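Trainee: following is a predicted model, sequence given first.
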Amino acid sequence: IIELVLRSLLAVHDSIPHQRNCFELFGYDVLIDSDLKPWLIEVNASPSLARENPLDCSIKERLVADTLRLVEPTFFDRAVWLQMLRARLDPRVSERARGSAVPQLPAELCALLHGELPRAVGELPAQMGLYERIAPSSLWQRVNAARSRK
């Protein structure tokens, strides 16, 4: 199934825009035949997370929890954020601030994030739940090489 997912993503990767600060959840419908061969039925962008039965509840609640752990949104202090916005956007506040030392952006970000640093681009999260990184990987390289030879 992982190879099926990689092949499908590789087939359309040129049409999926790269957006550094967001993600998209894809829902794969796969049929597994009597020989245990997976067949792709369809791929849904932003699949339904409705919980209509006990199986839906157990699967989708874990999916959402694992997704939030994977994304790991950075906690920030909303009061500091509002103060930063006011100081930078309100001309009256900016004029008053000119007479005093205006905090530099790194100092403001440190206060906003309580000294925590967001995860670096490409850095794996500490907890991935049931997610598995499938690319880059040796299977990804093999699938990509097969595509390049065609």
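Mentor: On my side now, so go ahead. Residues are numbered from 1 along each chain as shown.
Trainee: contact partners for the spatially most central residue of the chain?
Mentor: Taking C-alpha atoms, centre = their mean, the centroid of the chain lies closest to residue 23, which sits 3.9 Å from it. By C-beta atoms under 8 Å, 6 or more residues apart in numbering, residue 23 lies in contact with residue 71. (Each C-beta comes from the backbone N, C-alpha and C, glycine too.)
Trainee: assumed it was part of a helix.
Mentor: No. Residue 23 is assigned coil when assessed by DSSP: H, G, I helix; E, B strand; the rest coil, not a helix.
Trainee: that one and residue 52: what is the separation?
Mentor: 25 Å (C-beta to C-beta, to the nearest Å).
Trainee: tell me the pLDDT of residue 134.
Mentor: As predicted, residue 134 sits at a pLDDT of 93.
Trainee: which residue is the nearest non-sequential neighbour of it?
Mentor: residue 2 (5.3 Å; C-beta to C-beta, 6 or more residues apart in numbering).
Trainee: next, count neighbours for that neighbour.
Mentor: 14 (other C-beta atoms under 10 Å).
Trainee: which residues of the chain fall in strands?
Mentor: 26-32, 38-45 (DSSP state E).
Trainee: pairing partners for the first one, with directions?
Mentor: Translated: strand 26-32. Partner strands and pairing direction for strand 26-32 (DSSP bridges) are strand 38-45 (antiparallel).
Trainee: just give me how far the strand it pairs with sits from the chain centre.
Mentor: 21 Å (C-alpha atoms, centre = their mean, to the nearest Å).
Trainee: repeat that for stretch 43-50.
Mentor: Counting by C-alpha atoms, centre = their mean, stretch 43-50 comes out at 15 Å from the chain centroid.
Trainee: tell me, how many residues neighbour residue 52?
Mentor: Neighbours around residue 52, by other C-beta under 10 Å: 9.
Trainee: can you give me the pLDDT of it?
Mentor: 95.
Trainee: cool, and residue 19?
Mentor: pLDDT, read off for residue 19, is 81.
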